[in-house]
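Visitor: Quick one: sequence plus predicted model below, questions after.
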Amino acid sequence: MTRLFNDPAAFADEALEGFAAAHRRWVRPVTGGVVRAGGTPGGQVSVVVGGGSGHYPAFSGLVGRGLAHGAAVGNVFASPSAAQIRSVARAAHGGAGVLLMYGNYAGDVLHFGQAAERLTADGVPALTYAVTDDVASAGPGEAGKRRGIAGDLPVFKAAAVAAERGLPLREVRDVAAHAGARTRSFGIAFSGCTLPGADHPLFTVPASRMAVGLGIHGEPGIGEAELPTADEAAELLVATLLKELPEDVAAPAGQRAAVILNGLGSVKYEELFVVYRKVAALLAEAGVETVDPEVGELVTSFDMAGVSLTLTWLDDLLEDLWRAPADTPAYRKGVLGEPEASAAPATPAPDTEDEAIPAASDASRRAAGTVLAALEALAATVDTHVDELGRIDAVAGDGDHGIGMQRGSTAAREAARAARDLGAGAATVLAHAGDAWADKAGGTSGALWGTILRSVGTALGDQEAPTAARVAEGVAGASAAVQRLGGAEVGDKTMVDVLVPFAAALTGAVAAGDGLTAAWDRAATAAAGAAAATADLLPRKGRARPHAERSLGTPDAGAHSLALITRAVHGVLLDHQ
Ligand SMILES: Nc1ncnc2c1ncn2[C@@H]1O[C@H](COP(=O)(O)OP(=O)(O)O)[C@@H](O)[C@H]1O
Ligand SMILES: O=C(COP(=O)(O)O)[C@@H](O)CO
């Protein structure tokens, strides 16, 4: 239970503020996260890590010498936005490029990928690396789909030390990939966390049982088993990882491994030590020599009761990097010399983008008024359904869809209003709204909704009075852009299952001669039907994928919210026709 909070929606921001105030020796707050207090030495590659809040010490607690140069910090269980990541990366840049590192989650992949593209275009060379250590999240044949859990730490650390030793950007990324390929984790859980403001945990397991194969967002595991003793838990964790050796490790005997026994939030240190006692014995029995083991909380999920074991199979390079000293708020080891003089920031962090409003025709400015009304109706619908969206998402996802949509749609409405008040046309109002949505919400749906609004805006332009055909073209463009960006197809159980038939129905009705309001009405009806039909699908993308069966009978959260929104926008069109 998370008991101490003010406004749940402000929890992540307030926690970051307090964290930075408490750790000024190590970190300096910047827009979107924190960077090392002493900056990045000139000419050194910076390693910028990040992810959602709720996982402390990941990610802000891992910033300091010997580890990350900066951390981009998202909302609770949602990736930071591309704008946050760019801001942190620019502040951490020492002139030699930036490696962006994160766990392999859909939202993180989208936002860090977009940030890397923009940074490179802005003259800050940037590469990405996603950690995939969690063996329970996908089989060995799909290792690229695995998520990142406590294996984040050794992989981030290897890259950061390589950067500090002066390696160029590509080689730092190669080191990250080498450490990632040799890092595996597996966990068990006894209860999920309770998010700030929620009154029950994301999942529960009967007192006599445990979930096997945990996730760090309240995912309930891939199986259930009898509650083990501490020794039995150790046996399961060790046996699972010894069966999951990296390709270039033939057998455990004779190997050396970095070991992390990680508590997820409410498993106490003494319990962890009881488990570790057996883990150490079992690894020794298998002929594995443990190197600088860590027992404690390194990646958490609020108050989740769970424990995971991580092994990084070491070679000479990886052992050297793992043993290197570090000095961060949450992870310290060895002794570091005096800090090198830091670079004057090579790339000052812009806090705001250029806000110039392009000229617009009167017709487009009038259309911007309708766009604003549509965004107001959208945000109101999300507010009304916020709890329902969270509940649906919690069935097989991480329960944050309502909160994420609320943050995004509220920000979009405010940005649209400000742009409209400055005389913007329809395209500019939608572009500002889309950017604000993606920036404030983060997460998968934040990136996708930002793209939807911007795509529709591009088709409308700032000059012409939008016709029904233009609107249909914009929605079709949004549908194609979402598929390109997220890689989902119809049938994967995502918002694409609604967006594609919605766009097709709208285009078809307009082509058949319907006016916009009538065509939108038909399309919104098609959207509602398509959203309901997602209940029969098995998810193949996003957070819900590993819990496919649990989601049968429940519609996809993003599909459902999209259908609700299309109906709300129809009400606005009726009023404005
Ligand atoms: N690859 C994808 N393409 C399109 N939509 C996706 C994809 N992955 C997830 N989604 C949509 O995003 C929704 C989840 O949104 P949200 O919970 O806000 O993001 P997150 O999963 O990052 O927490 C899902 O219900 C699904 O509709
Ligand atoms: O939740 C996280 C990011 O994943 P999403 O796909 O945005 O949900 C984050 O907590 C882990 O970095």
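Guide: Yes, it's here. Ligands and ions are numbered 1, 2, ... in the order given.
Visitor: Kindly indicate whether the residue nearest the centre of the chain is helix, strand or coil.
Guide: In the chain, the C-alpha closest to the average C-alpha coordinate belongs to residue 79, at a distance of 2.7 Å (Cα atoms, centre = their mean). Look at residue 79: counting by DSSP: H, G, I helix; E, B strand; the rest coil, its state is coil.
Visitor: Tell me how far the residue lying closest to it once chain neighbours are set aside lies from residue 550.
Guide: Beyond its immediate neighbours in the sequence, the residue positioned closest to residue 79 (Cβ to Cβ, 6 or more residues apart in numbering) is residue 107, lying 3.5 Å away. The C-beta positions use only the backbone N, C-alpha and C, and glycine is treated the same way. When Cβ to Cβ, to the nearest Å is the yardstick, residue 107 and residue 550 sit 20 Å from each other.
Visitor: One more: residue 564?
Guide: Where residue 550 is concerned, residue 564 sits at a distance of 23 Å (Cβ to Cβ).
Visitor: Same question for residue 53.
Guide: Distance of residue 53 to residue 550, given as Cβ to Cβ: 25 Å.
Visitor: residue contacts, the closest residue to residue 193 other than its chain neighbours?
Guide: Counting by Cβ to Cβ, 6+ apart, the nearest residue to residue 193 once its immediate chain neighbours are dropped is residue 302, at 3.6 Å. Going by Cβ atoms under 8 Å, 6 or more residues apart in numbering, residue 302 touches 2, 54, 193-195, 265.
Visitor: Now do the domain split for the chain, please.
Guide: By the assignment in automatic domain parsing, the chain contains the domains 1-131, 177-324, 362-575.
Visitor: now for these, which one comes closest to ligand 2?
Guide: When the domains of the chain are compared for distance to ligand 2 using Cβ to the nearest ligand atom, the nearest one is domain 1-131, at 2.0 Å.
Visitor: That closest one spans what distance, first to last residue?
Guide: 29 Å (Cα to Cα, to the nearest Å).
Visitor: Repeat that for stretch 63-80.
Guide: Between the start and the finish of stretch 63-80 there is a gap of 16 Å, counting by Cα to Cα.
Visitor: Repeat that for stretch 437-446.
Guide: The straight-line separation of the ends of stretch 437-446 (Cα to Cα) is 6 Å.
Visitor: what about that stretch and ligand 2, touching?
Guide: Yes. Stretch 437-446 lies within reach of ligand 2 by Cβ under 6 Å from any ligand atom, at 443-444.
Visitor: List the contacts of that stretch.
Guide: Contact partners of stretch 437-446, identified using Cβ under 8 Å, 6+ apart, comprise 52, 74-75, 78-84, 106-107, 110-111, 400-401, 404-405, 407-412, 447, 449-451, 453, 486, 495, 542-543, 558, 561.
Visitor: one more time with 6 Å, if that's ok
Guide: The contact list for stretch 437-446, computed with Cβ atoms under 6 Å, 6 or more residues apart in numbering, reads 74-75, 78-81, 83, 106-107, 404, 407-408, 411-412, 447, 449-450, 558.
Visitor: How about stretch 12-27?
Guide: Against stretch 12-27 from outside (Cβ under 6 Å, 6+ apart): 29, 34, 37, 53, 60, 63-64, 73, 75-76, 329.
Visitor: Widest-spaced pair of the residues you listed?
Guide: For these, the maximum inter-member distance is 25.5 Å, found between 37 and 76 (Cβ to Cβ).
Visitor: which one of these two has more residues nearby?
Guide: residue 76 (25 against 18; other Cβ atoms under 10 Å).
Visitor: ok, now how distant is the residue nearest to residue 193 from ligand 1?
Guide: Distance of residue 302 to ligand 1, given as Cβ to the nearest ligand atom, to the nearest Å: 15 Å.
Visitor: same deal with residue 404?
Guide: Counting by Cβ to the nearest ligand atom, the gap from residue 404 to ligand 1 is 4 Å.
Visitor: Pull the number of nearby residues for that residue.
Guide: Burial measure for residue 404: 33 neighbouring residues, criterion other Cβ under 10 Å.
Visitor: mind listing what it touches?
Guide: Residues in contact with residue 404 (Cβ under 6 Å, 6+ apart) are 78, 441, 443, 445.
Visitor: can you tell me the helix or strand for it?
Guide: Assessed by DSSP states H and E, residue 404 sits inside helix 401-421.
Visitor: Then residue 17?
Guide: Assignment of secondary structure by DSSP H and E places residue 17 within helix 11-22.
Visitor: what does residue 247 give?
Guide: Under the assignment given by DSSP H and E, residue 247 is not contained in any helix or strand.
Visitor: Report the secondary structure state of residue 270.
Guide: Remark: residue 270 carries the secondary structure label helix [criterion: three-state DSSP].
Visitor: do the same with residue 257
Guide: Remark: residue 257 carries the secondary structure label strand [criterion: three-state DSSP].
Visitor: In this protein, what residue comes closest to ligand 1?
Guide: Ranking the residues of the chain by distance to ligand 1 (Cβ to the nearest ligand atom) places residue 558 first, at 2.1 Å.
Visitor: mind putting the contacts of residue 302 in CSV, neighbour count included?
Guide: What follows is these, written out as CSV (neighbours: other Cβ atoms under 10 Å):
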residue, neighbour count
2, 17
54, 28
193, 29
194, 18
195, 29
265, 21
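Visitor: So which bits of the stretch 151-300 of the chain are right by ligand 2?
Guide: When proximity is defined by Cβ under 6 Å from any ligand atom, the stretch 151-300 of the chain lies next to ligand 2 at residue 217.
Visitor: sorry, back to before: quick check: pLDDT value at the residue nearest to the centre of the chain.
Guide: The per-residue pLDDT reported for residue 79 equals 94.
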